[in-house]
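*Asks:* Predicted structure and sequence below. I'll ask about it afterward.
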Amino acid sequence: MDKKTDIRLLSKDVIKDSIQQLGEAGFRAKQIYEWLWKKKATDFDQMTNLSLSLREKLKEHFVIHGITTDKEQFSNDGTIKTRFKLHDGALIESVLIPVKKDNRFTVCVSSQVGCSLACTFCATGKMKRMRNLDPGEIYDQVVKVNEQCLQYFDHPLTNVVYMGMGEPLLNYKNVLQSIHHLSSPEGLHMSAKRFTISTAGISKMIRKLADDESKVNLALSLHAADDEKRDKIMPINEQNDLESIMEALKYYYDVTKNRLSYEYIAFKGFNDTIEDANKLAKLCTKFPVRINIIEYNPIAGFDMIKSDVDTLDLFAQRLREKDIMVTVRRSRGKDIDAACGQLANKE
Ligand code: SF4
């Protein structure tokens, strides 16, 4: 068992105190911090502007817990799914979704190992929540998938969505800290506007995100437009009903003016009727919101199937008639285990 502290869990001030206790000058902390978050160091020996003796002291007292690529799956449509192994052996997934015609290269990152919310249609929901990811483990997914993006598409990532395994708002502090490392000038300096947090709908935390002056876009995994149906597929709806979520989203929009969207997986005969579209339209009146309708990627142990194309067209049409912005997304990576949690759940 490794007893050394992961240096990436420490703030710059704490690193400064620690190295001063080791007899080193405090200003070295700034250099170390820069190596960790701006230069993506994974090893103390890469920190070449530090003396050899300081590097040895760092190695004696600290570690840098990285993530390693465990398995990659390549879809015919360009989607790449990667399973990463964490330092304790836990497995998580990230997905690279390239849309070359729009020059949009999005990584979908995980924020927890497993998930406690148990949405019935989700492979991750079949796993228990084992632990939260720390900020470095989220940061590393972006760094590694960015390398993949450069290698296969000759382009850096343009967008980051927190839509992989786990509920990001239940790992609030670490998720925000990871966004800080990825977007601040002290880190990778990506634009915060390119980040989207996707939540199953934790009203209290949506409000907190607004109060904390978040700059990120927010997506709600809605999937049903009334409480009765939503309760059936998303148990979290029982404590966070649609009224409370809608009030929280309105608050988020009023305070931040950041972009809001709904994710809506269409299930045949369950949530894809014209009546459902009308109900959904009513949830779009209080703030500007775009709807992404997603084709269902089936998992074992859930008996609903995806809507057929004609039904989906009528559904989307009804929303457009009401001047709502709608995108229908054919599911990506159908030929690989691309539904969230399918790959990590295999072993
Ligand atoms: S859909 Fe998201 S919130 Fe629901 S169980 Fe899966 S990972 Fe958790």
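*Replies:* Structure received.
*Asks:* Next, work out how far apart residue 318 and the ligand are.
*Replies:* 25 Å (CB to the nearest ligand atom, to the nearest Å). No exception for glycine: its C-beta is placed from N, CA and C like everyone else's.
*Asks:* May I ask you to confirm that that residue is in contact with residue 277?
*Replies:* Yes - between residue 318 and residue 277 there is a contact at 4.0 Å, judged by CB atoms under 8 Å.
*Asks:* Neighbour count for the two, which is higher?
*Replies:* Each of residue 318 and residue 277 has its neighbours counted (other CB atoms under 10 Å); residue 277 has more, 25 against 19.
*Asks:* Do you know the pLDDT at that one?
*Replies:* We have a pLDDT of 98 for residue 277.
*Asks:* check which helix or strand covers it.
*Replies:* helix 274-282 (DSSP states H and E).
*Asks:* Give me the contacts around that helix.
*Replies:* Helix 274-282 has contacts (CB atoms under 8 Å, 6 or more residues apart in numbering) with 222, 224-226, 229, 262, 264, 291, 314-315, 318-319, 322, 324.
*Asks:* Next, format those as JSON lines and append pLDDT.
*Replies:* Below are the contacts of helix 274-282 laid out as JSON lines (pLDDT from 0 to 100):
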{"residue": "222", "pLDDT": "97"}
{"residue": "224", "pLDDT": "97"}
{"residue": "225", "pLDDT": "98"}
{"residue": "226", "pLDDT": "97"}
{"residue": "229", "pLDDT": "97"}
{"residue": "262", "pLDDT": "97"}
{"residue": "264", "pLDDT": "96"}
{"residue": "291", "pLDDT": "97"}
{"residue": "314", "pLDDT": "96"}
{"residue": "315", "pLDDT": "97"}
{"residue": "318", "pLDDT": "97"}
{"residue": "319", "pLDDT": "97"}
{"residue": "322", "pLDDT": "96"}
{"residue": "324", "pLDDT": "97"}
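*Asks:* which among those gets closest to residue 27?
*Replies:* residue 262 (48.3 Å; CB to CB).
*Asks:* That closest one falls within a strand, correct?
*Replies:* Yes - under DSSP: H, G, I helix; E, B strand; the rest coil, residue 262 sits within a strand.
*Asks:* Return the residues of the stretch 101-250 of the chain in contact with the ligand.
*Replies:* 115, 117, 118, 119, 122, 124, 125, 165, 166, 167, 200, 221 (CB under 6 Å from any ligand atom).
*Asks:* So which of those is the closest to residue 334?
*Replies:* So of those, ranked by how close each gets to residue 334 (CB to CB), first place is residue 122, at 16.4 Å.
*Asks:* my guess is the closest one meets residue 299, correct?
*Replies:* Yes - counting by CB under 8 Å, residue 122 does reach residue 299; the two are 7.1 Å apart.
*Asks:* what about these two, which has more around it?
*Replies:* Higher neighbour count among residue 122 and residue 299: residue 122, with 23 against 19, using other CB under 10 Å.
*Asks:* Would you check how far apart the more buried one and residue 80 are?
*Replies:* Separation of residue 122 from residue 80 (CB to CB, to the nearest Å) stands at 21 Å.
*Asks:* again, but for residue 107
*Replies:* Taking CB to CB as the measure, residue 107 and residue 80 are separated by 10 Å.
*Asks:* Not counting sequence-adjacent ones, nearest residue to residue 76?
*Replies:* Distance criterion CB to CB, 6 or more residues apart in numbering; nearest residue to residue 76, sequence neighbours excluded, is residue 335 at 5.7 Å.
*Asks:* tell me the SS of the one you found?
*Replies:* coil.
*Asks:* residues near it, how many?
*Replies:* Going by other CB under 10 Å, the residues that sit close to residue 335 add up to 11.
*Asks:* next one: residue 298
*Replies:* Using other CB under 10 Å: residue 298 sits among 16 other residues.
*Asks:* Please name the nearest non-neighbouring residue to it.
*Replies:* In this structure, residue 298 finds its nearest non-sequential neighbour in residue 305, 6.7 Å apart by CB to CB, 6+ apart.
*Asks:* any shared contact partners between residue 107 and residue 80?
*Replies:* 95, 96, 145.
*Asks:* how close does the residue nearest to residue 298 sit to residue 113?
*Replies:* 29 Å.
*Asks:* Which one of these two is surrounded by more residues?
*Replies:* Under the criterion of other CB under 10 Å, the comparison of residue 305 against residue 113 puts residue 113 first, with 22 against 12.
*Asks:* ok, that one - contacts?
*Replies:* 86, 90, 91, 92, 127, 129, 130, 131, 132, 133, 165, 166.
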